[in-house]
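Asker: coords please:
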Amino acid sequence: MEYYTSDSCDSDSRDQKTLDLSNHMLETNELSTDLRAVVDEKDCAENYEIILLFNNRIQTLPETINRFTNLKILDVSNNRLTVLPDLLKFCPLTSLIAKHNQLTNESLPKSFTFSRNTIRELNLSGNQLNFFPEQVLEIKSLRYLYLGGNHIAKIPKDIWKLSSLQILSLGGNQITEIPESVGRLTTLQALVLSDNLIEQLPSSVANLNQLRSLLLHKNRLKTLPTAIIKLRCLTELSLRDNPLVVRFVRDMTLQPPSLLELAGRTIKLHEISIQPGDIPHTLMKYLGAAQCCVNPKCKGVFFDNRVEHIKFVDFCGKYRIPLLQYLCSSKCIIGSWESREENNNPHPQMMRKVLLG
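Answerer: Numbers count the residues shown, from 1 in each chain. Reported below is the predicted structural model:
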């Protein structure tokens, strides 16, 4: 979106639709005076569709704001707002950005269904909300909802009512669980749940067939639902700083193999011929359970003893995932074969190994 600044209403500036009063260190009274001048003296308030007020010292919005009858975008970010008045209902807003203020649930409007009910973006990130504002669920036209950096502990089960939602950002809160109803937001393209207290995801997440970005870092996830591999449009996944990843890194078995395993490995490595009846049936069955080392340069096998090696692999150049591999020896961990193996692995199959493993 391209912003323009309009200082007058003459014929040369009729296409300039933005009133930019950002970064002026304005107090509430000073803002009121400036807006009144536009309305009364210039008499061109209806020409403005965008008002930028970010990075000021505003504590509340003056009533004059409702004189801008064609106002579509209002940005009051990084101020000192303690209340968001109902007077905005007179404006045909499509985007309200009020991030990084001092707003609480009690200081929000009782309803966000403005006069023409066309709001598509609502940003209340970085405020002091203690719970999910239920009145937001009334905005049927909402596409982008940002509520990160608050103190929200629960996502309402009725979240499915926001059927047009494309971005849902709830990072940096105190959320412990995700309701199954999130899976009904089938138009969702980005879901941000990072930096919360989430221990598991509902399997219904797999129904978000248009999801492109899923941010889950800094949570308490120990597992992921296996159905998540159905997210064919997913190009960004963040899992760092979860027990899921930490467990992968720490779970490496380096115990010495038993004499039985060493004997079995020797037989397989040197291709010693064993005929039925030469050894007990149980040992024949044991030899048949040999698994090959994933290192293509190694001809070794393993039985019960293995080295669990974790590689963090770039997936589509977007994110890194922990890939669990089984090796016959710790000597097989390091080698140039790893990079070639990454290139040869089809991406969907790589995802399946990680998420199901």
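Asker: I figured L71 hits Y48, correct?
Answerer: Yes - using CB atoms under 8 Å, L71 makes contact with Y48 at a distance of 6.5 Å. To be clear about C-beta, it is placed using only N, CA and C from the backbone, and glycine gets the same treatment.
Asker: Between these two, tell me which one has more neighbours.
Answerer: Each of L71 and Y48 has its neighbours counted (other CB atoms under 10 Å); L71 has more, 25 against 21.
Asker: Could you give the secondary structure assignment for that one?
Answerer: Under DSSP: H, G, I helix; E, B strand; the rest coil, L71 falls in the coil class.
Asker: State the distance from it to S204.
Answerer: Per CB to CB, to the nearest Å, L71 is found 38 Å from S204.
Asker: What of P179?
Answerer: Per CB to CB, P179 is found 9 Å from S204.
Asker: can you check F302 too?
Answerer: According to CB to CB, F302 stands 38 Å off from S204.
Asker: what's near enough to touch L137?
Answerer: By CB atoms under 8 Å, 6 or more residues apart in numbering, the contact list for L137 reads P156, D158, I159, K161, L162.
Asker: State the distance from it to L145.
Answerer: For L137, the distance to L145 (CB to CB) stands at 10 Å.
Asker: What is the least confident helix or strand in this protein?
Answerer: Sorted by mean pLDDT, DSSP states H and E, the helices and strands of the chain end with helix 347-356, the least confident at a mean of 38.
Asker: This structure: strands as residue ranges?
Answerer: 18-20, 50-52, 73-75, 95-97, 121-123, 144-146, 167-169, 190-192, 213-215, 236-238, 291-292, 301-302, 307-315, 319-327 (DSSP state E).
Asker: Comparing those, which yields the minimum mean pLDDT?
Answerer: The weakest mean pLDDT among those belongs to strand 307-315, with a mean of 55.
Asker: Can you report how many residues neighbour the closest residue to A153 other than its chain neighbours?
Answerer: Computed as CB to CB, 6 or more residues apart in numbering, the closest residue to A153 that is not its neighbour in sequence is Q174, at 4.6 Å. Around Q174 there are 13 other residues, counting by other CB under 10 Å.
Asker: ok, now which ones touch Q174?
Answerer: H151, I152, A153, N196, L197.
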